[in-house]
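Trainee: Next input, structure requested:
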Amino acid sequence: MEFRPRPFPFRLFLGAVFGLPLLLLVMVVLETGSSPADLARALQQEFAADTTRLIESLLMLLAAVAGIGFTLLFQRRARIRVDSGHIAFCSGLPGIFRYLVPDWQFDYAAIESAALQPVGRGNFLTLVITPQQGRKRQLLPQQWIEPGSRGRSGSWFRMTRVKREDAQRLLRETPLLRQLQAAGVTIDMNLEQHYRPGLDTSAHFDLTTNRTALACLLLMVGLGLYALVDGVLLTGDRYAATPPYLWFALAALLVAALAAARLQRAAVPRLESTVLALLLGVSVALAVWPGLLRINAVTAADGPEQHVYTLAADGVLQPDTAGLPVMRRPIDANFWNAQSAGSRWPFAMRRGLFGFWQYDSRPLIENIRQYYARL
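Mentor: Numbers count the residues shown, from 1 in each chain. Sure, this is the predicted structure:
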């Protein structure tokens, strides 16, 4: 008999594809104080001057969307086959992605033990198959349904919200376990040995009891602290042009996808692994913001160079030197609206490995503070 995963909520994926660009647009508007129309004109001017950058950005965006969608489609093709002689798992992924979720197959005679075990201290249960040779494999039986069944994508999450005894009963009734037992596989379902007496384990999954989940938690906290310390307290540099939000999003999506796959391989429940992976991706995006500035500054061929900008009537700072980016009321739009058109402003700027310009914002922040102190 063949089993397939419960359907993936593609509406959530499509919402992320269309929602993230909208969120990035809102972030840019809040950061620069410009209107969407101003941003559209700025992008048109920049891409008109550098068509290579436009092509690279479009290719990166298309590759990200196509790659994620391609992976999700193949994940829907994953199958478990159970017959009279063996159990086999096929991830459905192409060869280059198969290292994340590798295929495997066991003959029943080569299985040393098969047992249900709780994940951490919660009542979420996993089937651990230990072969006589090779590494053990873990399956979440409630995740797999018969091909003709119409399982809801989130229906098996209810096992984290019921009593422990009810969760065990529901798990024993899953088609995968019933088929394995019918094929003659002996499964140890004695779970009492795994629980401490008097401990209520029906309401939560403890991430600190899983080494992979704990490592992701520590990494998330570390990246968040770095983003706070280096991005807010230490560095004074800012992006001269629009920050590379696409790079932040790609880094976050890549890390989140890898983390989710690794957490699920470590038998962390789907809900917890998804939320933790998304939070880790957000932490990566926050850390990449000052990280790119730091690396770009260190790899600059020369130190900061003084460049003069002229304030135009529309609040746009035009560089006197060709090749420098236009700046649109950086940091505080109200400050620039109060300045005289034609005034000249010096900026200490540099460009490094990543090719974008950044400037030292500390003198400008001091001018803004003095402006508000005189009001």
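Trainee: C-alpha from now on. contacts and neighbour counts both.
Mentor: OK.
Trainee: Report the separation between residue 278 and residue 224.
Mentor: 13 Å (C-alpha to C-alpha, to the nearest Å).
Trainee: Strands of this structure, start to end?
Mentor: For the chain, applying DSSP state E gives strands covering 2-5, 79-82, 86-90, 104-107, 111-118, 125-131, 137-139, 144-145, 237-239, 305-311, 316-319, 327-328, 344-351, 357-360.
Trainee: would you put the C-alpha positions of the third one in PDB?
Mentor: This points to strand 86-90. Output of strand 86-90 as PDB, limited to C-alpha atoms (Å, rounded to 0.1, in the frame of the first residue of the first chain):
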ATOM      1  CA  HIS A  86       9.700  -4.100   3.000                       C
ATOM      2  CA  ILE A  87       8.900  -0.400   3.800                       C
ATOM      3  CA  ALA A  88      10.300   2.300   1.400                       C
ATOM      4  CA  PHE A  89      10.400   6.100   1.600                       C
ATOM      5  CA  CYS A  90      10.800   8.300  -1.500                       C
END
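Trainee: what's the burial count for residue 37?
Mentor: 9 (other C-alpha atoms under 10 Å).
Trainee: Let's see the pLDDT reported for it.
Mentor: For residue 37, the pLDDT comes out at 72.
Trainee: Could you do residue 119 as well?
Mentor: The model's pLDDT for residue 119 equals 65.
Trainee: Now tell me what touches stretch 333-350 from outside.
Mentor: Stretch 333-350 is contacted by residues 32-33, 297, 300, 302-313, 315, 329, 357-360, 368, 371 when judged by C-alpha atoms under 8 Å, 6 or more residues apart in numbering.
Trainee: That one: end-to-end distance?
Mentor: 23 Å.
Trainee: From the recorded domain assignment, give the ranges for this structure.
Mentor: Segmentation of the chain into domains, based on automatic domain parsing, reads 101-204, 206-298, 305-374.
Trainee: Please work out which of those is packed deepest.
Mentor: Highest mean neighbour count among the domains of the chain (mean count of other C-alpha atoms under 10 Å): domain 206-298, with a mean of 19.
Trainee: how distant is that domain from the center of its chain?
Mentor: Relative to the chain's own centre, domain 206-298 is displaced by 7 Å; criterion: C-alpha atoms, centre = their mean, to the nearest Å.
Trainee: Quick check: mean pLDDT of that domain?
Mentor: 86.
Trainee: got it, and stretch 319-337?
Mentor: Here stretch 319-337 scores 85 as its mean pLDDT.
Trainee: go on, stretch 353-364?
Mentor: On average, the pLDDT along stretch 353-364 is 87.
Trainee: what comes into contact with that stretch?
Mentor: With C-alpha under 8 Å, 6+ apart as the criterion, stretch 353-364 contacts 236-241, 292-293, 295-296, 299-300, 324-325, 347-351.
Trainee: For the stretch 1-150 of the chain, just list every one of the helices.
Mentor: 10-32, 36-49, 51-75 (DSSP state H, counting those that start in this stretch).
Trainee: now do the stretch 151-300 of the chain
Mentor: Remark: helices assigned in the stretch 151-300 of the chain by DSSP H, counting those that start in this stretch are 164-172, 175-182, 211-228, 245-265, 270-298.
Trainee: what's the pLDDT at residue 65?
Mentor: In this model, residue 65 carries a pLDDT of 72.
Trainee: count of residues packed around it?
Mentor: 14.
Trainee: distance of it from residue 170?
Mentor: Relative to residue 170, and taking C-alpha to C-alpha, residue 65 is found at 37 Å.
Trainee: just residue 337 next, same as before
Mentor: Residue 337 sits at a distance of 65 Å from residue 170 (criterion: C-alpha to C-alpha).
Trainee: Then residue 6?
Mentor: 16 Å.
Trainee: Could you do residue 351 as well?
Mentor: 60 Å.
Trainee: do residue 208 as well
Mentor: For residue 208, the distance to residue 170 - C-alpha to C-alpha - is 26 Å.
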